[in-house]
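# Build me a model from this:
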Amino acid sequence: MTVRDMTMLAEQKVESRVDRILRDREEAQVNSKDDVLLGFFGDYVLHSDVALRHTRFIRDLCGSRDSSDCFKQALLAAALSNRANQLGHQQMAAEADATYGFALISLNAALQNPAELKKDSTLAASWLVGMCELLSGRSVLEKHHHRGRSQLLRLRGAEQFRSPVGKCLYAVTHSLAIQHNLNLLERPIEEAAEYLELCGIKKPPLQIERLHLRTAYWCAEARLLFESDFQHPWSQLQLQNHIQTGFAIDAGYQKWLDTYLSSDTWGRRTISLPSESSTHAVGQEAYTYHDLWIANIWLGHYSKRMHLHNLLLHCLSLLDEHDRLRMREAYSRAIVENMVSGVCASVPFMLYEIDSKGNETRARRKIALCGYLLLCQLHMARWSVEQGSERERWIIATLEFIDQSMGIRSARVLALKPRKEPWRLV
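Just a heads-up that it's a prediction; the model follows:
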């Protein structure tokens, strides 16, 4: 080997070593604890200037000296899982799993400690542990911690509404609890109505939350009726009365929609998409809202009302075929179709493809919170459309897009989940 060849080889080795050092430094910087947490804040911590239900409480608790250790562990676990999924980083995914395990141990210890039990940060840790499971796909509809979190809301009592953070945290966890009540057809906690009034939610979302609460109680009672002997005349009468109550709740939903549809702050705008997006075609109808959290209130209206009518349809099918109430089946089917359309038309705004005015955002990076807020709504919409239809394929493709672009593994699990009857969500 000539001196020239030896020199070139040495230079190549030095360049290779320098490149490796630079890559390691860059990766260490990208995956440092602070950077991982900042990335999570950018993805999931979003304030609203009008809605009480938002995730600003995470940042507020981070700055509090009184935060529980379980909160810090759960926050880091969720942040690591978020970054690992988005980058496809196996080593970080293993670190996220380990941190998640530590967070669970720390949370269980806090729940046994009277001094930690009622802290805002302990309830927030429970919420973050549930988010870890959604991000990883361990628990698709995040139901394992539902009953424990609901019991924690009861134990915290009226004291939890003394601070803005406590009110905001309750609004977020209450909404999640009601969704799980609907998924499992279980009754909400007895204090739910009282706590809603204490929470300080403004009138438009308060009205819709009251309707969601009534819907959850109605659905739980419907499940008990389904276990009855419908050949008995008394059971048929009970069913008829329950159906009438269900349509009375629906009238409340329609009144809310009529009242706030055109509101500048609480309403929605209908636009035609200016160009083709990753989820929609040019000219397709889409809805825009004041902000992401107002959109989430409307998504709750679409999905809860959709679920109400899927259960009403099942109730109507159990009636005698000559019963006059069966004439309402066509109305319920039309409402379900309309609510599914509402969810689908909200996707471009939720995925930051258009802004509040309907203009293209051309955002390169998707905010993962948007996908998180769409999960249950898209799942309920998929359950409500014809199996194998073009709309179901579109919903599945949207869930897969959320998995791939935002790192929320439960989205793909839901996309692959075998179908059941529309009213059986789990």
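# for Ala93, what are its contacts?
Listed by Cβ atoms under 8 Å, 6 or more residues apart in numbering, the contact set of Ala93 reads Leu80, Ser81, Ala84, Asn85. For glycine as for every other residue, the C-beta is placed from the backbone atoms N, C-alpha and C.
# Now the buried members of those.
Leu80, Ser81, Ala84, Asn85 (16 or more other Cβ atoms under 10 Å).
# Helices - which of the contacts of Ala93 land there?
Leu80, Ser81, Ala84, Asn85 (DSSP state H).
# What is the most widely separated pair among those residues?
With Cβ to Cβ as the measure, no two of those lie farther apart than Leu80 and Asn85, at 9.5 Å.
# For Ser175, state which of the contacts of Ala93 is nearest.
Ser81 (21.9 Å).
# ok, the closest one - contacts?
Ala93, Ala96, Tyr100, Cys132, Leu135, Ser136.
# Now list the buried members of those residues.
Taking 16+ other Cβ under 10 Å as the criterion, what is buried in the contacts of Ser81 is Ala93, Ala96, Tyr100, Cys132, Leu135, Ser136.
# what about the host helix or strand of Ile105, distance to the chain center?
Take DSSP states H and E as the rule and Ile105 turns out to sit in helix 90-111. Its chain's average C-alpha position is 22 Å from that of helix 90-111, according to Cα atoms, centre = their mean, to the nearest Å.
# Restrict the following helix or strand past that helix to CA atoms and write it as CSV.
Counting by DSSP H and E, the element after helix 90-111 in chain order, helix or strand, is helix 114-117. C-alpha atoms of helix 114-117 as CSV (Å, rounded to 0.1, in the frame of the first residue of the first chain):
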residue,chain,number,x,y,z
PRO,A,114,-53.7,10.1,52.2
ALA,A,115,-51.4,13.1,51.7
GLU,A,116,-51.0,12.3,48.0
LEU,A,117,-54.3,10.8,47.1
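# List the buried residues for helix 114-117?
For helix 114-117, using 16+ other Cβ under 10 Å, the buried residues are Glu116.
# What's the first helix or strand after it?
helix 120-136.
# and stretch 149-163, how far from the chain's centre?
With Cα atoms, centre = their mean, you get 21 Å for stretch 149-163.
# Now tell me what touches that stretch from outside.
111, 117-118, 120, 122-123, 126-127, 130, 166-167, 169-170, 173-174, 176-177, 180, 188-189, 191, 195, 198-200.
# thinking again about what came up before, ok, so of the contacts of Ser81, who is nearest Thr265?
Leu135 (31.5 Å).
# hang on, isn't the closest one packed against Ser410?
Yes - with contact defined as Cβ atoms under 8 Å, Leu135 reaches Ser410; the gap is 7.3 Å.
# distance of the residue most central in space within the chain from Ala381?
In the chain, the residue lying closest to the centroid (Cα atoms, centre = their mean) is Leu373, at 3.5 Å. Note on Leu373: its distance to Ala381, by Cβ to Cβ, to the nearest Å, is 13 Å.
# give me the element Ile297 is part of.
Going by DSSP H and E, Ile297 is in helix 292-317.
# right, I mislabeled it, should have said Lys255
Per DSSP H and E: helix 233-260 holds Lys255.
# got the angle for that helix vs helix 292-317?
150 degrees (axes from the mean of the first three to the mean of the last three Cα atoms, to 10 degrees).
# Give the next helix or strand downstream of helix 233-260.
strand 269-272.
# So what's the gap between that following strand and the chain middle?
So, by Cα atoms, centre = their mean, the centroid of strand 269-272 is 24 Å from its chain's centroid.
# Within its sheet, name the partner strands of that strand and how each one runs.
Within its sheet, strand 269-272 is paired with strand 285-288 (antiparallel), according to DSSP bridges.
# Just the CA atoms of the partner strand, as CSV, please.
Taking C-alpha atoms only, strand 285-288 is exported to CSV below (Å, rounded to 0.1, in the frame of the first residue of the first chain):
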residue,chain,number,x,y,z
GLU,A,285,-67.5,19.5,2.5
ALA,A,286,-65.7,20.2,5.8
TYR,A,287,-66.4,21.9,9.1
THR,A,288,-64.2,24.4,10.9
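# mind checking pLDDT for the closest residue to Ala295 other than its chain neighbours?
Spatial nearest neighbour of Ala295, excluding adjacent residues (Cβ to Cβ, 6 or more residues apart in numbering): Tyr289 at 4.0 Å. We note a pLDDT of 95 for Tyr289 in this prediction.
# Give me the distance between Tyr289 and Val347.
Taking Cβ to Cβ, one finds Tyr289 at 12 Å from Val347.
# Hmm, Ile294 is touching Ser48, no?
Yes - counting by Cβ under 8 Å, Ser48 is a contact partner of Ile294 at 7.3 Å.
# who's more crowded, these two?
Between Ile294 and Ser48, counted using other Cβ atoms under 10 Å, the more crowded position is Ile294 (23 against 18).
# gap between Leu237 and Leu225?
11 Å.
# Which residue of the two possesses the greater neighbour count?
Taking other Cβ under 10 Å, Leu237 and Leu225 do not tie; Leu225 has more neighbours (16 against 10).
# Now that one: which helix or strand?
Going by DSSP H and E, Leu225 is in helix 203-226.
# For the stretch 201-350 of the chain, which residues score under the pLDDT cut-off?
229-234, 274-283, 322 (pLDDT under 70).
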